[in-house]
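**Q** Just the structure for this:
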Amino acid sequence: SPLRPEPALLSSPAHSFQEPGDVTSLRGRLLSWYDQTKRDLPWRTAALTESDVNKRTYAVWVSEIMLQQTQVATVMDYYIKWMKTSYTLRSLRSVSVQEVNEMWAGLGYYSRGKRLHEGAQKVVSELGGQMPKTAEDLVKLLPGVGRYTAGAVASIAMGQVTGAVDGNVVRVFCRLRAIGADSTSPAVTEALWTLANTLVDPDRPGDFNQALMELGARVCTPKGPLCSQCPVQSHCRAHRKVAVEQEEGAQRLLGKPAVEQSSPDIEECFSASVGGCALCIPPGESWDSSLGVTNFPRKPKKKPPRVERTLTCVLDRNSAKGGREYFLVQRPSKGLLAGMWEFPSMLLEEAHDSEKKQRSALQAQVQKILGDSLKQGALQHVGEVVHVFSHIHQTYVVYSGRLPDPQGSSPAGGQEDSRARWLTETAFQEAAVSAGMKKVMKLYEKMKSMKTEGCKDGKRKRSSDGIISSRHKSQKTLRTQEPADGARQLSLHKFFQPAIKQEAEDILSS
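**A** Numbering: from 1, shown residues only. The predicted model follows:
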């Protein structure tokens, strides 16, 4: 059979900017819009006002790591708190991972904080305290810094003329140039980076890259894009196609001939007629007129998250200083949620185990740590928390139990384990505890509140915060569903296995 020609990348007018005037126009329109409407963000202020390039680069680096897969509104307070804590490059190097985790707690994707910590150590100990000066060196020398982060930091902090392609920019470019193939494919990825490096403004590279990201975040959104407010609408192939379709539909209703197009459209990509285009909508997929510009970009369907159920035990006791305190264990130092603190938990192998079996399993696990401190039958079912991870649909089946005073509930063997501790409620909120565990605590506190207030009837009730309550035998059962971040829960006994065996298991499970 004849050889199939290599797909053309950006050689077709439908997927590129052929005229220098178009590039100049797009840059001017986008930067003018950005200057008038940009949000006032602390890292942007640092990039504009900090005269020391090393400090400026560090400030932008921190912001970009925090912003990975996290919304701006969520990052704001964490960033301000981080920078006010005087976490300079040198001071960050000297703090412990535990302190970094505590500062990061609730932000999610905790490995980012660890990579930031590792990067600061490397800059100080190996690079003389000087941040890498180019995007290429940022990727090469700093852990956790990829192509996008490097491009963003280098252009914003150092003025390097280089593109930066994040999820927002992918969406903007795919619509601007009618790129309908799988946006995660190697061909499309390279095409988008070629566009980014072609379009970036040589005089204001950092502002241009931020303007593209701002456009994707506020105007060219995944759903309900505000095309009428788009400063580069006249350059958008996707918008052009929608407008032509609407005009043709109107002409048909009036019985008039279709309007002849004066500019290249998606169907005019010549590569598609000579062997297939790696950037067009695939032949097997159709354009959906009802979607308009949101036909772009296209991504492969994600695998559904696996479903897991985890037993979690909230243990509390009277504190020697008054009030209540709670027992937590620390996750391994490597792997997902590394070093974070959580209530004793174990993966439920049989999803439909009875409460009796669940209690028995938890009782046995707690007994391994705290000896006979927890009386038989002391565990009470609280309810469930649905925690949706990126790849796991996790349901925490929550139990609670009260323990005697501090003298009677130390870890087995009579000595405190460095990976197990008692925390007051205040210390719990300030510790390196995942968002999932804070939701478990919220559920537990809700149960205590309901128990104190009493229940007037046995009907199921839903409160404004999403917790469902109901009578179950002689107690209330609660359930809450909230989106979350994090990773797979490990069986409780793994926390106390030899370190070598644990590390091997972490590698296999990550």
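**Q** Only C-alpha atoms from now on, for both contacts and neighbour counts.
**A** OK.
**Q** Now do residue 399, the pLDDT please.
**A** At residue 399, the model reports a pLDDT of 95.
**Q** My understanding was that it contacts residue 316; is that so?
**A** No - the criterion here is CA atoms under 8 Å, and residue 399 misses it with residue 316 at 11.4 Å.
**Q** Could you break the protein into its assigned domains?
**A** As given by automatic domain parsing, the domain ranges for the chain are 13-235, 306-509.
**Q** avg pLDDT for the longest one?
**A** Domain 13-235 comes out with an average pLDDT of 94.
**Q** how far out from the middle of the chain is that domain?
**A** Centre-to-centre, domain 13-235 and its host chain are 15 Å apart (CA atoms, centre = their mean, to the nearest Å).
**Q** Use 18 as the first number from now on
**A** Taking 18 as the first residue, the last one we looked at is domain 30-252.
**Q** Which strands or helices does whichever strand or helix holds residue 459 pack on?
**A** Of the helices and strands defined by DSSP states H and E, residue 459 is found in helix 452-470. Packed against helix 452-470 by the contact rule (3 or more CA pairs under 8 Å, 6 or more residues apart in numbering; DSSP states H and E) you find strand 397-405, strand 409-419, strand 492-500.
**Q** Flag every buried residue along it.
**A** 452-458, 460-461, 463-464 (16 or more other CA atoms under 10 Å).
**Q** who wins for proximity to residue 301 among the domains of the chain?
**A** Nearest of the domains of the chain to residue 301, taken as CA to CA: domain 30-252 at 11.0 Å.
**Q** What separates the first and last residues of the closest one, distance-wise?
**A** Chord length of domain 30-252, first to last residue, is 12 Å (CA to CA, to the nearest Å).
**Q** Check the helices and strands packed on helix 452-470 for me: which has the lowest mean pLDDT.
**A** Lowest mean pLDDT within the helices and strands packed on helix 452-470: strand 492-500, at a mean of 50.
**Q** how about stretch 367-385 as PDB, C-alpha atoms only?
**A** The C-alpha coordinates for stretch 367-385 follow below in PDB (Å, rounded to 0.1, in the frame of the first residue of the first chain):
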ATOM      1  CA  GLU A 367     -15.100  -6.300  51.300                       C
ATOM      2  CA  ALA A 368     -17.300  -3.300  50.400                       C
ATOM      3  CA  HIS A 369     -20.400  -4.800  52.000                       C
ATOM      4  CA  ASP A 370     -18.900  -6.000  55.300                       C
ATOM      5  CA  SER A 371     -21.300  -5.700  58.200                       C
ATOM      6  CA  GLU A 372     -20.800  -3.100  60.900                       C
ATOM      7  CA  LYS A 373     -19.900  -5.900  63.300                       C
ATOM      8  CA  LYS A 374     -17.000  -7.000  61.000                       C
ATOM      9  CA  GLN A 375     -16.000  -3.400  60.500                       C
ATOM     10  CA  ARG A 376     -15.800  -2.700  64.200                       C
ATOM     11  CA  SER A 377     -13.900  -5.900  64.800                       C
ATOM     12  CA  ALA A 378     -11.300  -5.000  62.100                       C
ATOM     13  CA  LEU A 379     -10.800  -1.500  63.400                       C
ATOM     14  CA  GLN A 380     -10.600  -2.700  67.000                       C
ATOM     15  CA  ALA A 381      -7.800  -5.100  66.100                       C
ATOM     16  CA  GLN A 382      -5.800  -2.400  64.300                       C
ATOM     17  CA  VAL A 383      -6.200   0.100  67.100                       C
ATOM     18  CA  GLN A 384      -5.200  -2.600  69.600                       C
ATOM     19  CA  LYS A 385      -1.900  -3.100  67.800                       C
END
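**Q** what separates it from the chain centre, distance-wise?
**A** 32 Å.
**Q** So in that sheet, which strands flank the strand ranked longest in the chain, and in what orientation?
**A** Ranked by residue count under DSSP state E, the longest strand found in the chain is strand 323-335. According to DSSP bridges, strand 323-335 has the following sheet partners: strand 341-347 (antiparallel), strand 362-364 (antiparallel), strand 409-419 (parallel).
**Q** TSV for those strands, including distance to residue 59?
**A** Formatted as TSV, these follow (distance: least, CA to CA, whole Å):
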stretch	distance to residue 59
strand 341-347	33
strand 362-364	38
strand 409-419	34
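**Q** Please identify which of the ones you listed is closest to residue 267.
**A** Per CA to CA, nearest to residue 267 of the strands paired with strand 323-335: strand 409-419, 46.7 Å.
**Q** next helix or strand past the closest one?
**A** That would be, after strand 409-419 and using DSSP H and E, strand 437-441.
**Q** Report the central residue of the chain.
**A** Centrality entry for the chain: nearest residue to the mean C-alpha point is residue 86, 3.3 Å, by CA atoms, centre = their mean.
**Q** so who does residue 326 touch?
**A** 364-366, 368, 411-414 (CA atoms under 8 Å, 6 or more residues apart in numbering).
**Q** what are the ranges of the helices in the stretch 168-317 of the chain?
**A** 184-193, 203-216, 222-235, 254-270, 287-290 (DSSP state H, counting those that start in this stretch).
**Q** for the ones you listed, which one sits closest to residue 468?
**A** Ranking these by their distance to residue 468 (criterion: CA to CA) puts helix 222-235 first, at 44.2 Å.
**Q** List the buried residues of the closest one.
**A** 222-234.
**Q** ok, so of these, who is nearest residue 446?
**A** Of all these, residue 446 sits closest to residue 234, with 31.2 Å by CA to CA.
**Q** Residue 92 versus the closest one, what's the distance?
**A** For residue 234, the distance to residue 92 equals 15 Å [CA to CA].
**Q** Give me the neighbour count for residue 37.
**A** 10 (other CA atoms under 10 Å).
**Q** What residues does it make contact with?
**A** Not one residue lies near residue 37 by CA under 8 Å, 6+ apart.
**Q** got CSV for the buried residues of helix 452-470, with distance to residue 109 and pLDDT too?
**A** Converted to CSV, those look like this (distance: CA to CA, whole Å; pLDDT from 0 to 100):
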residue, distance to residue 109, pLDDT
452, 23, 83
453, 26, 88
454, 26, 91
455, 26, 92
456, 29, 93
457, 31, 95
458, 30, 95
460, 35, 95
461, 35, 94
463, 37, 92
464, 40, 89
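**Q** would TSV of these with distance to residue 100 be doable?
**A** Conversion of the buried residues of helix 452-470 to TSV gives the following (distance: CA to CA, whole Å):
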residue	distance to residue 100
452	22
453	26
454	26
455	24
456	27
457	30
458	29
460	32
461	34
463	34
464	37
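**Q** between these, which is nearest residue 358?
**A** Using CA to CA, these come closest to residue 358 at residue 454, 8.4 Å.
**Q** count of neighbours near the residue nearest to that closest one when sequence neighbours are not counted?
**A** Spatial nearest neighbour of residue 454, chain neighbours left out: residue 359 (6.0 Å); criterion: CA to CA, 6 or more residues apart in numbering. As a burial measure, residue 359 scores 26 neighbours (other CA under 10 Å).
**Q** shouldn't residue 359 be in contact with residue 343?
**A** No - contact between residue 359 and residue 343 fails when scored by CA under 8 Å: they sit 10.1 Å apart.
**Q** where in the stretch 368-517 of the chain is pLDDT low?
**A** 424-434, 471-517 (pLDDT under 70).
**Q** one more time with 80
**A** Within the stretch 368-517 of the chain, the stretches with pLDDT under 80 are 368-370, 393-394, 406-407, 422-435, 468-517.
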